[in-house]
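Enquirer: I'd like to go over a predicted model; first the sequence, then the structure.
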Amino acid sequence: MREVQESIKDSVHKLLSDRIAFYGLSEYKITETQIINKITGTTFIFKGLQEQNAGNIKSLEGVDIVWLEEAQKISKKSWDTLDPTIRKSGSEIWISMNREEENDPVWKAVGANPDKRTLVVKVNYIDNPFCPEEIKYLAEKCRKDNPEDFEHIWMGAPATLGNRKLIDAQTVRQASETELYNSSSPLIIGIDVARFGDDRSVFCFRRGRLCSEFKCFDKFDNVAVANQATHYIREYKPARVFIDAGGVGGGVVDILNDRGFKKIVRAVMFGEKALADDRYHNRRAEMWDEMRQWLQSVPAVKIPADENLCAELAAVNKKYDSRGRLQLEEKDEIKRRLGRSPDMADALALTFAEPVYDRGENYYYGLKENSIESLFNEKKKNNNIW
């Protein structure tokens, strides 16, 4: 099995077939989609995990051995579906992988803290007695020219985070372990509005160096998100509320503006032009880089010690566009690796959409709300006739 197998060519079908031919194992019958031992009946089948659904994944319950190839690409969602399905007595899951990241989902689930029924073996080219001299030459050349790449390409270590990652895992971990319990800075709320059925709407609360908490809500429509935001605005009186207005989020902004919160609510489009257009590909890259600088700042900052949040913050790969501006990989790519959308991290990034200064509560809340709702309340209070 692989995460994605669009055709039999994507599988190890050819590798196994070549080995069978090399050793002259005539008892095997090779078809276009399977390899079958004619004596024992043992059958090799080839599948992509991403193509399996809750119904046909059950067909694997009678499997004795699952070999997960290129397991560094397998998402958390795929692993969580497969692992409890392979439960036949004596069954095994074999995992082969060249780790890409510290937070590879299968490595975190199995390899990082193996239990007594899990065997972890590190195998590299130096362990292969049949390794060609050409491979040894290339490996030694890489060791001399680029030691960091050598450790990843040839020795199986995760890719150096500084080369590809926007935010490294150590920085995130330190921020989660910082002791900071209060802040007098103005409250900023970032709201990442769910786009799809399996995403969550997330509210992030940050005061200066302290990101205190996240509130996550499943299956909230725009009105429900706006109602929750209205409650938090009236309860906590934030200096600014930044809302992801892409997709369906624009409707939340419209509702809150109509309720009289236009002074503090700001619509943010992740894909729009950055404020510093010469440095960033879009607003998303700009906000995430502002968040990176915040996480690395001195004095230290504080985020909740939440494993999902830490994984999301350290998951994003960076690159540069044709103008040399910072660009981030697409959310769909991150979602594929994590098995979920990085909603919490995006909500925190939204709190860096623009500078927010403490102008005092009266600046934001000193004037009466001017909205349809407040006008109706005023009419009811004074028994006015329109």
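Expert: Happy to help now that I have it.

Enquirer: for the nearest residue to Glu101 once chain neighbours are set aside, what are its contacts?
Expert: Distances taken as Cβ to Cβ, 6 or more residues apart in numbering put Pro158 closest to Glu101, at 5.3 Å, once the chain neighbours are dropped. Yep, even glycine has a C-beta here, placed from its N, CA and C like the rest. Contacts for Pro158 (Cβ atoms under 8 Å, 6 or more residues apart in numbering) come out as 99-102, 104, 152.

Enquirer: what do you get for Glu69?
Expert: The contact partners of Glu69, taken as Cβ under 8 Å, 6+ apart, are 1-2, 11-12, 96.

Enquirer: picking up where we left off before, what helix or strand is the residue nearest to Glu101 located in?
Expert: In the assignment (DSSP states H and E), Pro158 maps to no helix and no strand.

Enquirer: per-residue confidence at it?
Expert: Pro158 carries a pLDDT value of 78.

Enquirer: now Ala285: how far from Leu328?
Expert: Look at Ala285 and Leu328: by Cβ to Cβ, to the nearest Å, they are 5 Å apart.

Enquirer: other SSEs contacting the helix or strand that contains Leu15?
Expert: According to DSSP H and E, Leu15 maps onto helix 13-23. Helices and strands touching helix 13-23, by 3 or more Cβ pairs under 8 Å, 6 or more residues apart in numbering; DSSP states H and E, are strand 28-30, strand 35-37.

Enquirer: now tabulate the ones you listed in TSV and tack on distance to Val225.
Expert: Listed next are those as TSV, based on distance: least, Cβ to Cβ, whole Å:
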stretch	distance to Val225
strand 28-30	55
strand 35-37	52
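
Enquirer: which non-adjacent residue is nearest Asp149?
Expert: Cys142 (5.9 Å).

Enquirer: next, count neighbours for that neighbour.
Expert: Neighbourhood size, Cys142 [other Cβ atoms under 10 Å]: 17.

Enquirer: returning to that earlier point: okay if I get the helices and strands packed on helix 13-23 as TSV plus distance to Arg206, mean pLDDT and mean neighbour count?
Expert: Output for these, formatted as TSV (distance: least, Cβ to Cβ, whole Å; pLDDT from 0 to 100; neighbours: other Cβ atoms under 10 Å):
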stretch	distance to Arg206	mean pLDDT	mean neighbour count
strand 28-30	59	96	15
strand 35-37	56	96	16
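
Enquirer: for the contacts of Pro158, pick the one with the most neighbours.
Expert: Asp104 (23 neighbours).

Enquirer: for that residue, give me its contacts.
Expert: 71-72, 97, 158, 337.

Enquirer: of the contacts of Pro158, which is the nearest to Gly246?
Expert: Ranked by distance to Gly246 (Cβ to Cβ), the contacts of Pro158 are led by Glu101 at 26.5 Å.

Enquirer: quick check: pLDDT value at that closest one.
Expert: With respect to pLDDT, Glu101 scores 75.

Enquirer: which SS class is it?
Expert: Three-state call for Glu101 (DSSP: H, G, I helix; E, B strand; the rest coil): coil.

Enquirer: from Trp67, how far out is it?
Expert: Distance, Glu101 to Trp67, by Cβ to Cβ: 22 Å.
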